[in-house]
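Visitor: Sequence and predicted structure are below.
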Amino acid sequence: MSAPTAAPAATPGKARPDDTRARIIETAEALFRRLGYAKTAVADIAAELDMSPANVYRFFASKNAIVEAICQRCLSELDERMWAAARSRASAATRLEQLFLEIYAYHKDNLISEKRVHDIVLVAMENNWAAIDAHIQMMCNVIEMVVRDGIENGEFEPVEPRETAELIKRAMLHYCHPLMVAEALRERDEATVEKDARASVRFLIRAITPRR
C-alpha cells in the first residue's frame, strides 16, 4: 500500500469553510442574545464579521438556517453531557439522577438566562424538528442503558427497559424541556426547582427499586 498523500497546506490568510461557518454561528448567537432574534438581520451578522451578506448566504440559506445550526450544536453538547453522566462509575440510581440534573442545568444555564434566548429556542423548535426528535430518542436510549445496567446488577426490578425509559422520560419532561424549565424558574427559585427535580427522579427510581 502506498503512503497516504499529505493534505495540501491551507492558503495563508484564507479561512477554511468550517472555520467561517463556526464564526458565523458564534457571531449570530451573540447578536441574537444582544439584540433579539427578530431585530437581527443577516446584514447585521455580516457587518459584525466584516463580510458581505452574500458571503453569509454562501454558508447559510437563511437566518433560520443559522438558528438550526445553533440548535444542532446545543443538542450535541447536551447529548455529550447525558452520555458522560450515564457512563460514570456510579450506581445506576445515581447516574439516572445525575442525568436529569445535567439536562436541567444545561437548559437553565445556556438557554433561558436571558429573555431574548427564548426566541432562538422557539425558532429552533419550530424549524428543526428532525434534530430535536433525534435528540429525544437519544435521551430515551441513554435512560434505557442506565435502566438495563440497574436491572443487570439487581439494583432495579426486572422491568421492560424501553417502556420504562419512555415512562421516566415523560414523567421528567418538566425538567427536560427548555421552555418548561423557563416557566418553572419564573414561578420558583432555582434551588426549589432543582430540589423538585431531584425529588421527582428519586420517586421514579424508588418505583423500580426492589423492596428488601
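Guide: Thanks, I have the structure now.
Visitor: least trustworthy helix or strand in the chain by mean pLDDT?
Guide: Using mean pLDDT, DSSP states H and E, helix 115-127 stands out as the lowest-scoring helix or strand of the chain, at a mean of 72.
Visitor: Residue 107 is in contact with residue 194, correct?
Guide: No. Applying Cβ atoms under 8 Å as the test, residue 194 and residue 107 come out as separate, 11.8 Å apart. For the C-beta atoms, the positions are set from N, CA and C on the backbone; glycine is no exception.
Visitor: who's more crowded, those two?
Guide: residue 107 (23 against 18; other Cβ atoms under 10 Å).
Visitor: Need the three-state assignment for residue 90.
Guide: Counting by DSSP: H, G, I helix; E, B strand; the rest coil, the backbone at residue 90 sits in coil.
Visitor: what's it sitting at in phi/psi?
Guide: Backbone torsions of residue 90, given as degrees, to the nearest 10, read phi -70, psi 170.
Visitor: With residue 162 instead?
Guide: phi -70, psi -50.
Visitor: Report how many residues lie close to it.
Guide: Residue 162 - counted by other Cβ under 10 Å - has 14 other residues nearby.
Visitor: so where's this structure shaky on pLDDT?
Guide: 1-15, 111-118 (pLDDT under 70).
Visitor: Now do the domain split for it, please.
Guide: Domain assignment for the chain by automatic domain parsing gives 16-60, 69-207.
Visitor: List the contacts of the nearest residue to residue 78 once chain neighbours are set aside.
Guide: Leaving out its chain neighbours, the residue that sits closest to residue 78 by Cβ to Cβ, 6 or more residues apart in numbering is residue 106, at 5.2 Å. Neighbouring residues of residue 106 by Cβ atoms under 8 Å, 6 or more residues apart in numbering: 77, 78, 81.
Visitor: now residue 162
Guide: 140, 144.
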